[in-house]
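> Sequence and predicted structure are below.
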Amino acid sequence: MSTYIIRRLLYTIPIVFGVLLLTFVLFTLVGGDISIEIAGKGATQETIDEIREEYGLNKPLFLSWDSQFVNHFKNALTFNFGRARDREPVIDKIKRGLGPSLALTVPIFFGVVIISVSLALVVAFVRGTVWDILAAVICVAGMSIPYLGFILFGQYFLAYKWGLFPVFFSPELTTAQYVALPVLIGIAAGLGRNLRFFRTVMLDEMRNDYVRTAFAKGLTTRRVLFKHVLKNAMIPIITRVVLAIPFLFLGSLLLERFFGIPGLGYLMAEAIGSRDYFVISAMTYISALLFVVFNLITDICYSLVDPRVSLE
Amino acid sequence: MKSVSIIFITALLTTSGCNDSGSVEEPNEMVLHHVLSAKIKGLDPGNMRDVYSVIVASQMFEPLYQYHFLKRPYELVPLLAEDMPQISDDLLTYTIKIKKGVYFQDDPCFGSPRSFGLRSKTAGGSVPNGKGRELKAEDFVFSLKRIANIKYLSQNWSIFDNKIDGLDEFREYTKTRKSEADVDYSRQVQGLTTPDDYTLVIKLKKPWPQLCMALADTSTAPVAKEAVDYYGRDIISHPVGTGPFRLNVWRRGSYIELVRNQAFRGELYPSSGEPGDAEAGYLDDAGKPIPFADRVVWTVIEERQPAWLLFLQGKVDATVIPKDNFDEVMGGTGELTPAMKQRNIHLKTFKDPSTYWLGFNMAPVSTFAESTGVFGKNKPLRRAISYAIDREKFIELFFNNRHLVAHGLIPPVMPSYNPEIKEKGYAQYDPEKAQELLKEAEKIHGGKLPTLKITLPGTNTWYRQYGQLLKRNLSAVGLEVETEYMDRPTYLEKVNTKSIQMFTSGSSASTPDAQDFLAMFYSRYRAPGPNKFNYSNPEFDELYEKAQAMLDGPEKHRLYRKMELIVLEDCPAAFLNHRVAYVLHHDWYKNYKPHAFAYGLSKYRRIDLAKRTAYKKLLKTIK
């Protein structure tokens, strides 16, 4: 397995290089020059030139040891992301946004996975009954409502009208208090899609011969569902679940904006809007690294849950 | 599941363990609760232009002058200056006396060993133990030199470019230095001298009557050199000023809290205003010491729904009316609805000193875009487009009829506004006249007009709807029009390289002098300068140069109006609208008189705590 892991880690080099090249090309060759905007209204050409000098935008793009791309590459490898356009170190922004983002996305993620897998097992077991149909209708309805609809409804009724939660972030609130409603909304909005997927996975498993055999041998429903069906359904579940983990780092833009949670989703969206290349580049790079790492973890998990998979 | 719990708990601890949480509100504590609709970028007055940063920074930093809070027309009064400046007969030398007994807020930068070595170079001596030192005239010199330092990349340099004797030479010198910190600020600038600790003398290269207005801008507020040296580039988040408040908490992107600056010298609420102020209750606190508030809080809320709900809950003192809630508030009668009146909510409207337009690029064919060059010599085409736009429909659709039609360039709130400008008919909606002018335009062009392109600086729904409306108006008179939407940096680059045909834009005045608006048509300021229209008219230029050297008054206003008519006749832009702000506030929020040019107003605001408590009880009955 260690050989496999080393080989997979070596694969990350071209992937990371590709990501760095792509972000660099997109923001230097395709995008415009940000120095004019940084310089502000009525700026003279000399100020614009000085900004180009400060941000290294007057250096050659490629083909030099001191080119913009080589510096971009070096900085990424050393995790030296420099300063954002507002002059705050990029790494400080990421560190600050990470906690709020994870406080929001981690409970949503686990809430959605645990609830939808559990419900999927139940509705797969009662397939064809009125409960199964009801679950399918609710899932489709949940998938059809836009995410923003959940937010506007939740904020207006649950927070404002009924006063069950705070409307917005306030420093007097504990983290649990101000993330409670956004987490609830995130779970509600994500449940339909995930329940549909896991139900299909479970149904595929329930139709296998070994399930009938297990029941014929007199095993209890609980034992069949949790020991056999769930274990055998783990491969697609792992693929979906583990590969979703890197995206937790990116936060949730809409929830963060509507509830005043200063997370990384907000940071990324704002950086894209203002073309803050330094922030975008850092976030993309870290996301790519996380994605590669969790891809590897997914493969390792396959071998742990399914003896037929061996990592060689 | 254990690992799951660890991740979640870690995440919670990371956020809740921060030591920058705000203070809990005491029952009798006077706290102002405000909303910012965008994040602030920094709190370093020398290098900020975005209005949100200026709003917050202006409560902590003070310039030499300020606008009188109550008097209209707007009037400058001393703030850190002892009096208005003594101006020499040739209008070139300004002698300004500085108030004594003004102290910077206490801050570690004043007690740091790194700041001790600066004593001989800077004004006064640094006092150990972090006690703020007294403000001296040399602090103003330092702050102006800092703006001139090219390595500092100040967005405010254009204010002082080619104005103060020797300052441009100082800027040239800074070009030779390696970094911002490498600049020697003890280097003499001929036009910035301090005969004593409390006197600042500014010598100009040529008359610049707007100097006092520039010295009322927060960007010119004094910054302590000790703070700049101590915090380095992190000065953006460590404001050290002389104002009534100081920073207590800044959770970047979400929450800012200021508390009273204990070192503040004290100031009194104005005792006079304009007619009607006493009846409106604006003089109830006349002569009382300010600030009234113990704390000022801003919550950053970019979405309209949460801001509106917090206002209704009484957790925010004032708000603009969200477009989607306009009918709920105004009900189409022009007055507040009974539901709003039941909550004792008050409405304030005021004319914002802003103008928005559809601009024409009048530059010859650009090497960057061959499609340009259509408008430069084709005045009938430009005027036809102006007549083709239905401004009233635009304002109705996009602003709930709240804005005003821009009949000219200068907004109504400015003293130089021409009250008869509407009669000139430049903003008239007349599609037939537009069609006639287009025939003339085709003759000048030498055939069928090409497809025209409007460039808009945004890609969201609002800009797309805006583009659609303009396109429909122009298509209705027979023009073929395309729209292109782009992010702001790309838009700016295209405008600055003269690679566009038509563009939407707008501007808001920072002073009551309309010079900023007129400068946009001065031929020496063509793109990348402020004249994005690349307009040129020698008669206009001559008047502009003449007006620049004149003191404010009727003669100058007459010249401004003449220049405005020249621009309207040449039509380098179709002026569309002037913004009118509609603001709601609760009845406990006192001394809330809108001001077009001042930002440091939190010191005047007062909370009627009994009324705030009563609102909480009222909410229980109406929910």
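Looks like it came in fine.
> give the contact list for the residue positioned nearest the centre of chain A.
The centroid of chain A falls nearest to A:Phe247 when counting by Cα atoms, centre = their mean (1.4 Å). By Cβ atoms under 8 Å, 6 or more residues apart in numbering or on different chains, the contact list for A:Phe247 reads A:105, A:287. (Glycine included, C-beta is placed from N, CA and C.)
> For the helix or strand where it lies, what does the pLDDT average out to?
Using DSSP states H and E, A:Phe247 maps to helix A:234-248. The average pLDDT within helix A:234-248 is 83.
> so where is the stretch 451-600 of chain B shaky, pLDDT-wise?
The model of the stretch 451-600 of chain B has no residue with pLDDT under 70.
> Do you have the strands of it handy? List them.
B:452-456, B:481-485, B:502-508, B:573-578, B:580-586, B:589-590 (DSSP state E, counting those that start in this stretch).
> between the ones you listed, which one is nearest to B:Asp106?
strand B:589-590 (29.4 Å; Cβ to Cβ).
> Any chance you could list what contacts that closest one?
Contacts to strand B:589-590, defined as Cβ under 8 Å, 6+ apart, come from residues B:32, B:281, B:284-285, B:317-318, B:605-608.
> for stretch B:346-355, same thing?
Counting by Cβ under 8 Å, 6+ apart, B:329, B:335-336, B:340, B:404, B:406, B:409-414, B:506-509, B:512, B:517, B:575, B:577-587, B:592-594, B:596-597 sit against stretch B:346-355.
> Send me it as PDB with only the CA atoms.
Presented in PDB, the C-alpha positions along stretch B:346-355 are these (Å, rounded to 0.1, in the frame of the first residue of the first chain):
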ATOM      1  CA  HIS B 346     -39.400  58.200  10.600                       C
ATOM      2  CA  LEU B 347     -38.500  58.900   6.900                       C
ATOM      3  CA  LYS B 348     -35.700  61.200   5.800                       C
ATOM      4  CA  THR B 349     -35.000  62.000   2.200                       C
ATOM      5  CA  PHE B 350     -32.100  63.900   0.800                       C
ATOM      6  CA  LYS B 351     -30.600  64.700  -2.500                       C
ATOM      7  CA  ASP B 352     -27.300  63.000  -3.000                       C
ATOM      8  CA  PRO B 353     -24.600  65.000  -4.900                       C
ATOM      9  CA  SER B 354     -24.400  62.400  -7.700                       C
ATOM     10  CA  THR B 355     -24.900  62.200 -11.400                       C
END
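> Name the helix or strand for the closest residue in space to B:Gly314 that isn't next to it in sequence, please.
Taking Cβ to Cβ, 6 or more residues apart in numbering or on different chains, and ignoring the residues beside it in sequence, B:Gly314 has B:Tyr615 as its nearest neighbour in space, at 4.7 Å. Following DSSP H and E, one finds B:Tyr615 within helix B:609-622.
> B:Leu309 is in contact with A:Lys161, isn't it?
No. Applying Cβ atoms under 8 Å as the test, B:Leu309 and A:Lys161 come out as separate, 9.4 Å apart.
> which residues of the stretch 151-300 of chain A fall in helices?
A:175-206, A:209-216, A:221-223, A:230-232, A:234-248, A:253-259, A:264-273, A:277-305 (DSSP state H, counting those that start in this stretch).
> any idea which of those is most buried?
helix A:253-259 (a mean of 24; mean count of other Cβ atoms under 10 Å in any protein chain shown).
> Any stretches of the chain with poor pLDDT?
The chain I'm using is chain A. A:30-32, A:41-42, A:311-312.
> Hmm, no, I was thinking of chain B.
B:1-24, B:112-129, B:365-372, B:623.
> repeat that for 80
Where chain B drops to pLDDT under 80, the residues are B:1-27, B:49, B:111-129, B:323-324, B:331-334, B:365-373, B:487-489, B:528, B:622-623.
> give me the residue from the stretch 51-200 of chain B nearest chain A.
When scored by Cβ to the nearest Cβ, the stretch 51-200 of chain B has B:Gln155 as its residue closest to chain A, at 3.2 Å.
> and the stretch 1-150 of chain A, which of its residues are near chain B?
Contacts of the stretch 1-150 of chain A with chain B, taken as Cβ under 8 Å from any Cβ of the partner chain, map to A:31-34, A:36-48, A:50-51, A:54, A:83, A:85-88, A:93, A:96-100, A:102-103, A:106-107, A:110.
> Could you give me the ChimeraX syntax to select whichever of the residues you listed are buried?
To isolate the buried ones among these in ChimeraX, judged by 16 or more other Cβ atoms under 10 Å in any protein chain shown, type:
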select /A:32,33,34,36,37,38,39,40,42,43,44,47,48,50,51,54,83,85,86,87,88,93,96,97,98,99,100,102,103,106,107,110
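> So which of the residues of the stretch 1-150 of chain A next to chain B belong to helices?
Among the residues of the stretch 1-150 of chain A next to chain B, the ones falling in helices (DSSP state H) are A:36-39, A:45-48, A:50-51, A:54, A:93, A:96-100, A:102-103, A:106-107, A:110.
> those helices in the stretch 1-150 of chain B, which residues are they?
B:2-16, B:51-57, B:113-116, B:137-148.
> which residues does the residue nearest to B:Gly314 contact?
B:314, B:343-344, B:586, B:588.
> With respect to chain A, which of those is nearest?
B:Gly314 (11.5 Å).
> pretty sure the closest one is touching B:Ile607, no?
No. B:Gly314 is beyond contact range of B:Ile607, at 11.4 Å (criterion: Cβ under 8 Å).
> So between the two, which is more surrounded?
Between B:Gly314 and B:Ile607, counting by other Cβ atoms under 10 Å in any protein chain shown, B:Ile607 is the more crowded of the two (21 against 18).
> beta partners for that one?
Per DSSP bridges, the residues bridged to B:Ile607 are B:Tyr589.
> so what's it up against?
Neighbouring residues of B:Ile607 by Cβ under 8 Å, 6+ apart: B:30-32, B:292-293, B:317, B:588-590.
> Quick check: the farthest pair among these?
Across the contacts of B:Ile607 (Cβ to Cβ), the longest gap, 13.7 Å, separates B:Val31 and B:Lys590.
> so what's the nearest residue to A:Thr47 once chain neighbours are set aside up against?
Nearest in space to A:Thr47, with sequence neighbours left out and distances taken as Cβ to Cβ, 6+ apart, is A:Ala39 at 4.9 Å. Contacts for A:Ala39 (Cβ under 8 Å, 6+ apart) come out as A:47-48, A:51, B:153, B:155.
> and of the residues you listed, the nearest to A:Arg223?
Nearest to A:Arg223 among the contacts of A:Ala39, counting by Cβ to Cβ, is A:Ile51 at 67.9 Å.
> Can you tell me the closest non-neighbouring residue to the closest one?
Leaving aside its sequence neighbours, A:Ile51 sits nearest to A:Ser35 (Cβ to Cβ, 6+ apart; 4.2 Å).
> residues touching the one you found, list them.
Residues in contact with A:Ser35 (Cβ under 8 Å, 6+ apart) are A:48, A:51-52, A:55, A:57.
> next one: B:Leu200
B:64, B:95-96, B:98, B:137, B:140-141, B:192-194.
> Among these, which are located in strands?
If you go by DSSP state E, these have B:95-96, B:192-194 in strands.
> Could you export the residues you listed as CSV, including neighbour count and distance to chain A?
Shown next, in CSV, are the ones in strands among the contacts of B:Leu200 (neighbours: other Cβ atoms under 10 Å in any protein chain shown; distance: Cβ to the nearest Cβ, whole Å):
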residue, neighbour count, distance to chain A
B:Thr95, 15, 28
B:Ile96, 25, 25
B:Leu192, 23, 20
B:Thr193, 18, 26
B:Thr194, 17, 27
